[in-house]
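Enquirer: Here you go, sequence then predicted model.
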Amino acid sequence: MKNNKIFHVICDIPQKVVSSLPLLLLFLTVVLCSGGCEGHSEKTYEFLYSYDRNIKYLPEKKWSKLASPQLAGWSSTKLEEARRYSENIHSGSVVIVENGVIVADWGPAATRYKIHSVRKSLMSAMYGIHVAKQEISLASTLQELKITDIGGLSTKELQATVYDLITARSGIYHAAAYETDGMRRKRPARYSSDPGTRWYYNNWDFNALLTIFNQQTKKDFFVQFRQEIATPLQMEHFRMQDTNYHYELNISSHPAYLFKMSALDLARFGLLYLRQGRWRDRQVIPAEWVRESTKKHMVFKPKNPEKGYGYLWWINKSIYYASGNGGQLLFVVPDSNLVIVHCVDTDKGIRVKSDQAWRLFDKILDARKVK
């Protein structure tokens with residue numbers, strides 16, 4: 001056990017310390033005498049001392065991290081400002097990945113956090129795989145699929161398609177499991193909109209997608225996620241015990257599908273999308289699905305066409321992102337070859353406001369001196 005702790009500590013020692021053997025020995029002596037690093041985040045990296053943008057890096061079982069952010073043209077000073085700001089807003093973990101390499105990170109990036117609605121973008125990926133296998137059709141209606149709910153659905157509601165659900169435009173304003181208070185308050189009146197005519201961020205749509213997935217593939221969603229995404233991406237911290245179906249059978253027959261994931265594993269998922277669904281020699285998600293699911297299928301305001309919604313992804317200008325209650329965010333920035341993960345320990349009652357998380361995002365981008 002002590003050997004493991006020493007290894008983890010060595011990986012976090014700055015380069016200037018490693019280059020000085022006496023200081024290193026002193027540091028290890030302190031570690032041994034103190035009994036190790038209890039509560040360490042158990043993240044280990046292979047440090048890179050050179051960096052070539054022409055190489056497409058990918059993590060192996062462990063991530064590679066730049067020995068200095070300046071190797072990739074980042075400002076260490078501005079990254080430190082971003083880190084201090086993240087501490088002030090009580091972020092849990094932040095991971096910044098450029099071109100498949102960790103530029104900087106802070107907080108316990110190996111800790112498994114409740115990712116809340118980030119789960120919906122994971123569902124989008126699974127649909128991409130199984131639509132390509134022709135097991136699911138976006139054109140299928142709920143009537144054709146025999147999908148209903150407590151109290152039944154109207155003839156009009158049954159005409160909603162899988163495409164309507166995956167773009168949050170079903171027009172079905174039925175109570176749903178795992179809704180926030182805000183969702184319940186803002187939910188439109190039942191039967192007030194035809195399918196496909198109005199966008200509403202609706203957990204009923206998202207939960208029904210799970211029922212459709214399991215029904216049409218005849219497979220369990222979480223088992224397939226492990227097999228088709230977590231395993232090929234070598235997610236370090238993914239465990240089936242951190243997934244569960246959340247039922248509220250008094251209001252709906254469709255459960256929510258919940259995950260706990262680490263910031264490091266979410267970064268792998270973001271990198272998969274950044275690489276157009278390809279991981280080494282395997283096309284995990286069809287590239288066409290990645291492109292189609294991350295483009296705007298709905299624009300929020302005609303006067304602001306830069307913001308919209310894809311297939312369970314949010315889009316803002318040239319970036320797309322997965323977002324969860326409390327400040328859970330996974331940003332993919334194709335123009336800069338970046339993936340940025342922000343996790344919050346909501347189990348402790350901590351919440352980071354959206355504007356605070358976006359300000360942190362802007363501070364991180366500002367630290368990238370190479371444009």
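Expert: Received the coordinates, thanks. Numbers count the residues shown, from 1 in each chain.
Enquirer: give me phi/psi at residue 304?
Expert: The phi/psi pair for residue 304 (degrees, to the nearest 10) reads phi -130, psi 70.
Enquirer: And the average pLDDT for stretch 101-120 is what?
Expert: In this model, stretch 101-120 has an average pLDDT of 97.
Enquirer: With only the CA atoms kept, save it in PDB.
Expert: What follows is stretch 101-120 as a C-alpha-only set of coordinates in PDB (Å, rounded to 0.1, in the frame of the first residue of the first chain):
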ATOM      1  CA  VAL A 101      -3.100  15.600 -23.300                       C
ATOM      2  CA  ILE A 102      -3.900  17.100 -19.900                       C
ATOM      3  CA  VAL A 103      -2.700  20.700 -19.800                       C
ATOM      4  CA  ALA A 104      -3.700  21.300 -16.200                       C
ATOM      5  CA  ASP A 105      -6.100  20.000 -13.600                       C
ATOM      6  CA  TRP A 106      -7.000  20.700 -10.100                       C
ATOM      7  CA  GLY A 107      -9.200  19.100  -7.500                       C
ATOM      8  CA  PRO A 108      -9.800  15.300  -7.100                       C
ATOM      9  CA  ALA A 109     -10.200  14.400 -10.800                       C
ATOM     10  CA  ALA A 110     -10.500  10.700 -10.000                       C
ATOM     11  CA  THR A 111     -13.400  11.200  -7.700                       C
ATOM     12  CA  ARG A 112     -16.800   9.900  -9.000                       C
ATOM     13  CA  TYR A 113     -19.400  12.700  -9.000                       C
ATOM     14  CA  LYS A 114     -23.100  12.700  -9.700                       C
ATOM     15  CA  ILE A 115     -23.100  14.100 -13.200                       C
ATOM     16  CA  HIS A 116     -26.900  14.800 -13.300                       C
ATOM     17  CA  SER A 117     -28.100  15.800 -16.800                       C
ATOM     18  CA  VAL A 118     -24.700  15.300 -18.400                       C
ATOM     19  CA  ARG A 119     -26.000  11.800 -18.600                       C
ATOM     20  CA  LYS A 120     -28.200  12.900 -21.500                       C
END
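Enquirer: Report the buried residues of that stretch.
Expert: Residues 101-120 are the ones in stretch 101-120 that count as buried (16 or more other C-beta atoms under 10 Å). Where you see a C-beta, it was placed from the backbone N, CA and C, and this is true even at glycine.
Enquirer: chain center to that stretch, what's the gap?
Expert: Centre-to-centre, stretch 101-120 and its host chain are 8 Å apart (C-alpha atoms, centre = their mean, to the nearest Å).
Enquirer: Could you tell me which of the buried residues of stretch 101-120 belong to strands?
Expert: In this view, these that belong to strands under DSSP state E are 101, 102, 103, 104, 105, 106, 112, 113, 114.
Enquirer: any chance of those residues in JSON lines, with distance to residue 88 too?
Expert: Formatted as JSON lines, these follow (distance: C-beta to C-beta, whole Å):
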{"residue": "101", "distance to residue 88": "27"}
{"residue": "102", "distance to residue 88": "22"}
{"residue": "103", "distance to residue 88": "21"}
{"residue": "104", "distance to residue 88": "17"}
{"residue": "105", "distance to residue 88": "17"}
{"residue": "106", "distance to residue 88": "12"}
{"residue": "112", "distance to residue 88": "24"}
{"residue": "113", "distance to residue 88": "19"}
{"residue": "114", "distance to residue 88": "22"}
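Enquirer: between these, which is nearest residue 359?
Expert: Residue 359 lies nearest to residue 106 out of these, by C-beta to C-beta, at 16.2 Å.
Enquirer: In space, what's closest to the closest one - neighbours in sequence excluded?
Expert: Spatial nearest neighbour of residue 106, chain neighbours left out: residue 83 (5.0 Å); criterion: C-beta to C-beta, 6 or more residues apart in numbering.
Enquirer: show me what contacts the one you found?
Expert: 94, 104, 106 (C-beta atoms under 8 Å, 6 or more residues apart in numbering).
Enquirer: Distance-wise, check it relative to residue 306.
Expert: Distance from residue 83 to residue 306, counting by C-beta to C-beta, to the nearest Å: 29 Å.
Enquirer: Report the backbone C-alpha coordinates of stretch 73-91 in PDB.
Expert: Below are the C-alpha coordinates for stretch 73-91, written out as PDB (Å, rounded to 0.1, in the frame of the first residue of the first chain):
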ATOM      1  CA  GLY A  73       1.600  27.800 -25.300                       C
ATOM      2  CA  TRP A  74      -0.500  28.200 -22.200                       C
ATOM      3  CA  SER A  75       0.100  30.900 -19.500                       C
ATOM      4  CA  SER A  76       0.800  29.300 -16.200                       C
ATOM      5  CA  THR A  77       0.000  32.600 -14.500                       C
ATOM      6  CA  LYS A  78      -3.500  32.800 -16.000                       C
ATOM      7  CA  LEU A  79      -4.100  29.200 -15.300                       C
ATOM      8  CA  GLU A  80      -3.300  29.800 -11.700                       C
ATOM      9  CA  GLU A  81      -5.800  32.700 -11.700                       C
ATOM     10  CA  ALA A  82      -8.400  30.300 -13.100                       C
ATOM     11  CA  ARG A  83      -7.600  27.800 -10.500                       C
ATOM     12  CA  ARG A  84      -8.000  30.300  -7.700                       C
ATOM     13  CA  TYR A  85     -11.300  31.400  -9.100                       C
ATOM     14  CA  SER A  86     -12.500  27.800  -9.300                       C
ATOM     15  CA  GLU A  87     -11.600  27.400  -5.600                       C
ATOM     16  CA  ASN A  88     -13.600  30.500  -4.800                       C
ATOM     17  CA  ILE A  89     -16.800  29.200  -6.500                       C
ATOM     18  CA  HIS A  90     -16.200  25.700  -4.900                       C
ATOM     19  CA  SER A  91     -15.600  23.700  -8.000                       C
END
